[in-house]
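Participant: structure for this input, please:
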Amino acid sequence: MSAAAMAVAATLAAATPAYALLVQPIVINLSTTGQGSSAAITVTNDRNRPDTIEVTINKLELPEKGAPQLTPDPGSEFLIFPPASTIEPGKTQVFRVRWIGDPNLAQSKSYMFAISELPVNQVQGSGVQVLYSIQSLVTVTPPGLKPDVSVATATRDIQSTPAATASATPANNTAGIAITFQNAGNAVDYISHYQVGLSIDGSKWSKTFDAAETTRAVGLGLIQPNSKRTIFFPVPDVPASGDIKVKLDAVSKN
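Facilitator: Sure, this is the predicted structure:
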């Protein structure tokens, strides 16, 4: 997985990187019209030196399986002000974002906004700079469009978590259930908006992920309109046989 894809995956998993740049929010849901068509991204420079920050845009596509896919976007459908700014140590800059594209989109669009450090001239030191980029997920949906999320398939699976370092214990394998969700609607939705109930036919075994547990286990679980996305739920004690049943209950749309 590329560094960019890893950063996007971290954002979609609702992780907040422990960088010296503090970015809020990391998820923005815009409307194409009205007050909901604008938002603000707040960036705080927690360093002891000035930091020059630029906001750039990528279109986001989520395949049924695998890493997020990013495509550079010229940003012509957004007004971002300022597009770049130098933030003094300990200070905060607000970047205003407004949708100025088609107010009547056929379906939601998804983007990743990269809030990135720009290189600066170094007077002393090694000359090596580590430049951070933090991603904010931005979706745009016309008023009135709705998602329609259901379960397409659910199968037992093993997920391998790579070791953090070369010297660490080898990859950790976790048993669980891979659920393919399908969204037949025209608006994005998040599995973190649902309680996910798992059970096995002919068994007393069951497991329920409430909204908070779903977020911890799988992150946001973004499901784009008219598409499918497979998401792995870690359940090490799932029985080895029996048909898997999945029940979705919407609990929050905030």
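Participant: grab the nearest non-local neighbour of Phe113.
Facilitator: Ser136 (4.5 Å; CB to CB, 6 or more residues apart in numbering). Yep, even glycine has a C-beta here, placed from its N, CA and C like the rest.
Participant: partner strands of the helix or strand hosting the one you found, with direction?
Facilitator: For Ser136, the host element (DSSP states H and E) is strand 133-141. Partner strands and pairing direction for strand 133-141 (DSSP bridges) are strand 27-31 (parallel), strand 109-117 (antiparallel).
Participant: quick one: the strands in the stretch 51-200 of the chain?
Facilitator: For the stretch 51-200 of the chain, strands defined by DSSP state E, counting those that start in this stretch occupy the ranges 51-61, 69-73, 78-81, 84-87, 92-99, 109-117, 133-141, 149-161, 172-183, 189-190, 194-200.
Participant: tell me the contacts of the closest residue in space to Pro143 that isn't next to it in sequence?
Facilitator: Closest residue in space to Pro143, ignoring its immediate chain neighbours: Ser31 at 5.7 Å, by CB to CB, 6+ apart. For Ser31, the contact set (CB atoms under 8 Å, 6 or more residues apart in numbering) comprises 37, 99, 140-143.
Participant: ok, now Ala20?
Facilitator: Here Ala20 is in contact with 45-47, 51, 132 (criterion: CB under 8 Å, 6+ apart).
Participant: filter these down to the buried ones.
Facilitator: Among the contacts of Ala20, those classed as buried by 16 or more other CB atoms under 10 Å are 45, 51.
Participant: for the contacts of Ala20, give me TSV that also has distance to Ala250 and pLDDT.
Facilitator: Conversion of the contacts of Ala20 to TSV gives the following (distance: CB to CB, whole Å; pLDDT from 0 to 100):
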residue	distance to Ala250	pLDDT
Asn45	39	92
Asp46	37	89
Arg47	42	85
Asp51	41	91
Tyr132	36	79
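Participant: switch the contacts of Ala20 over to a markdown table; also include distance to Gly75.
Facilitator: Converted to a markdown table, the contacts of Ala20 look like this (distance: CB to CB, whole Å):
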| residue | distance to Gly75 |
| --- | --- |
| Asn45 | 23 |
| Asp46 | 27 |
| Arg47 | 26 |
| Asp51 | 21 |
| Tyr132 | 21 |
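Participant: which is the next helix or strand following the helix or strand bottoming out on mean pLDDT in the chain?
Facilitator: For the chain, using mean pLDDT, DSSP states H and E, the weakest element among its helices and strands is helix 3-12, scoring a mean of 55. Moving toward the C-terminus from helix 3-12, the next helix or strand (DSSP H and E) is strand 21-24.
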